[in-house]
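**Q** pasting the structure only:
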């Protein structure tokens with residue numbers, strides 16, 4: 001079994017003629033060094049729910065904002081802030097659950 005590290009990018013392939021899988025690392029390892037794989041670009045919520053751990057300094061970690069447009073609209077100057085975010089599609093992404 002391989003442990004996850006999101007900064008690793010090995011190449012997995014199946015060789016049907018030999019009926020085997022191969023894993024080619026994207027870097028060299030020293031003798032005795034732990035070899036890692038990547039479970040994909042997953043945020044800590046997904047890693048925790050699927051695999052039971054979180055990754056410190058996870059570059060793919062996100063913070064999901066639900067109902068951002070409704071929240072901002074209810075705040076002082078909220079409509080102005082919502083307008084300022086408009087060019088970045090932040091409110092639309094939040095509404096779609098992408099943030």
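**A** That came through, no problem. Quick caveat, the model's predicted, so the values are computed rather than measured. Numbers count the residues shown, from 1 in each chain.
**Q** surely residue 79 and residue 69 touch.
**A** No: assessed by CB atoms under 8 Å, residue 79 is found out of contact with residue 69, at 9.7 Å. C-beta: built from backbone N, CA, C; applies to glycine.
**Q** who has more neighbours out of those two?
**A** Between residue 79 and residue 69, residue 69 has the larger neighbour count (other CB atoms under 10 Å), namely 17 against 13.
**Q** if we look at the host helix or strand of residue 14, which residues are touching it?
**A** For residue 14, the host element (DSSP states H and E) is strand 11-15. Contacts to strand 11-15, defined as CB atoms under 8 Å, 6 or more residues apart in numbering, come from residues 20, 21, 22, 23, 24, 26.
**Q** so which bits of stretch 30-42 are buried?
**A** 36, 37, 38, 39, 42 (16 or more other CB atoms under 10 Å).
**Q** mind listing residues that contact it?
**A** Contacts of stretch 30-42 (CB under 8 Å, 6+ apart): 2-10, 23, 25, 29, 47, 50-51, 60.
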